[in-house]
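Participant: Coordinates only, no sequence provided:
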């Protein structure tokens, strides 16, 4: 178990030093005090939340950024002894699977686990930032922990992310793509996929078109969880990978217009809001070697990738 308190300099190291790798996963549980410090660090996700993000997560159309930061820190909790024991058992099981299947994964030196009510994220199952995972606690499923661990892997290992995205036909760009300005205020941000940096070529109206997936709200926030506002769109890109506009407005195709979407991404998961989430579920399927899935060739492709030695 990795439960010891750290001094201030060690805490900062836990946030920033993710270029020291391990071939097995080391989960360390944060105290509520440490968790509050981790959550208020201003990173890419915090800096780029849209007005809709803030209002919907606070469930208040007049909500402010500082109110959301306050809510984040108020909702952290200490882990119970029962949860500590369960997480230690999950860590052992995951590392046993790594050895059994001879996976070659580059994990950060440690992955920090934060406990929260997750009221600041619509009470979702969990989310990640930097090298930490935020979970509700209680009965934590291995599949959830693996799903969130995948996000930490892609965030901290660009080469792994690039290869994983290629398995479903997506290209990861060195720099972020230009997010459509007319969609910005209604953008729904995902802390697990904070960078807008991938695209794929799809068939739309019988023509090949480079597109980036976007998550946005199709109406202003009034009440309820942000999940109820989620709209998945495909933004066509020109040869310079800029969003294509028509009459001064960004073109956004609904998913139904993409005739070969499932040929690209497979049918192993219904969680298809972004390539990152499609891949996180497929990572779990491949890691645990599910025997029967709708698109077994994708599972096999990812399993082979997990067994490749990092260069």
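Facilitator: Thanks, I have the structure now. Quick caveat: nothing in here was measured; it's all calculated off a predicted structure.
Participant: Show me the shaky parts of the stretch 101-250 of the chain.
Facilitator: Across the stretch 101-250 of the chain, no stretch falls below the confidence threshold (pLDDT under 70).
Participant: From residue 258, how far out is residue 236?
Facilitator: Noted for residue 236: a distance of 11 Å to residue 258, by CB to CB, to the nearest Å. In short, each C-beta sits where N, CA and C put it, glycine included.
Participant: Need the residues touching each of these two.
Facilitator: Taking CB atoms under 8 Å, 6 or more residues apart in numbering as the contact criterion, the residues that touch both residue 236 and residue 258 are 204, 211.
Participant: For the residue sitting nearest the centre point of the chain, which non-adjacent residue is closest in space?
Facilitator: Nearest to the centroid of the C-alpha atoms of the chain, with distances taken as CA atoms, centre = their mean, sits residue 192, at 2.2 Å. Take residue 192 and drop its neighbours on the chain: the residue closest to it by CB to CB, 6 or more residues apart in numbering is residue 151, 4.2 Å away.
Participant: Report the buried residues of stretch 65-76.
Facilitator: Applying a neighbour-count criterion of 16 or more other CB atoms under 10 Å, the buried positions in stretch 65-76 are 68, 69, 71, 72, 73, 75, 76.
Participant: which residues are in contact with that stretch?
Facilitator: For stretch 65-76, contacts defined as CB under 8 Å, 6+ apart pick out 32, 35-36, 39-40, 46, 49, 54, 57-58, 60, 114-120.
Participant: Please apply the same query to stretch 198-213.
Facilitator: When contacts are defined by CB under 8 Å, 6+ apart, stretch 198-213 is touched by residues 165, 168-173, 177, 196, 232-237, 241, 243, 253, 257-261, 264, 273-275.
Participant: What residues of that stretch count as buried?
Facilitator: The neighbour-count criterion (16+ other CB under 10 Å) identifies 198, 199, 200, 202, 204, 209, 210, 211, 212, 213 as the buried residues of stretch 198-213.
Participant: So which of the contacts of stretch 198-213 are in strands?
Facilitator: 170, 171, 172, 232, 233, 234, 235, 236, 253 (DSSP state E).
Participant: and those residues, which are buried?
Facilitator: Using 16+ other CB under 10 Å as the threshold, 170, 172, 232, 233, 234, 235, 236, 253 are the buried ones among those.
Participant: quick one: which two of those residues are the most distant?
Facilitator: The most widely separated members of those, counting by CB to CB, are 172 and 253 (21.2 Å).
Participant: Could you report the separation of the residue of the chain most remote from its centre from residue 182?
Facilitator: Here the centre of the chain is the reference, and by CA atoms, centre = their mean the most remote residue is residue 247, at 33.6 Å. Separation of residue 247 from residue 182 (CB to CB): 11 Å.
Participant: With residue 201 instead?
Facilitator: Counting by CB to CB, the gap from residue 201 to residue 182 is 24 Å.
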